[in-house]
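Novice: Sequence unavailable; structure follows:
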């Protein structure tokens, strides 16, 4: 139910908000590592994520996590970088998150929420 163009816009807006709210790491080694791994994944993804404007950002946080948003926006937390011993381990997590975007899981969840809201509205009206 969510057009891909709208999904890309939402991804860009959300990523801009996260970059304002979270502290971005200036660590050159961590940033280089995420760029290196991210670029390889983006190349492998190819046209499976059309119109992606890839951006890989490292956020200062002890969270052992990463996330990806529509449009090729990827965030990696320093907690994950400190734990992942190799680029391969980092790539597994980043690739997993990017896989959710390729499968459009976010759009699927938004569509489900819209359907549930619609059914709820009908129920409230007695329809």
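Specialist: Sure thing, it's come through. From a predicted model like this one, the values you see are computed outputs, not experimental measurements.

Novice: Dig out what the residue nearest the centre of the chain forms beta bridges with.
Specialist: In the chain, the centroid-proximal residue (CA atoms, centre = their mean) is residue 68; its distance is 1.2 Å. Note on residue 68: beta-bridge partners by DSSP bridges are residue 74.

Novice: I'd say it and residue 93 touch.
Specialist: No. The pair residue 68 / residue 93 is not scored as a contact, 10.1 Å apart, by CB atoms under 8 Å. Every C-beta, even on glycine, is put in place using the N, C-alpha and C of the backbone.

Novice: Name all residues that make contact with residue 91.
Specialist: If you count contacts by CB atoms under 8 Å, 6 or more residues apart in numbering, residue 91 has them with 37, 40-41.

Novice: so of these, which ones are in helices?
Specialist: Judged by DSSP state H, helices contain the following of those: 37, 40-41.

Novice: hang on, the earlier thing: ok, of the contacts of residue 91, which come out buried?
Specialist: Neighbour counting by 16 or more other CB atoms under 10 Å classes 37, 41 among those as buried.

Novice: Residue 24: which of the contacts of residue 91 is nearest?
Specialist: Nearest to residue 24 among these is residue 37, at 17.5 Å by CB to CB.

Novice: Please give me every residue in contact with that closest one.
Specialist: 87, 90-91, 94.

Novice: In ChimeraX, select just the buried ones from those residues.
Specialist: Remark: buried members of those, expressed as a ChimeraX selection using 16+ other CB under 10 Å:
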select :90,91,94
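
Novice: Just give me the closest of the contacts of residue 37 to residue 16.
Specialist: Within the contacts of residue 37, proximity to residue 16 (CB to CB) peaks at residue 94, which comes in at 20.0 Å.
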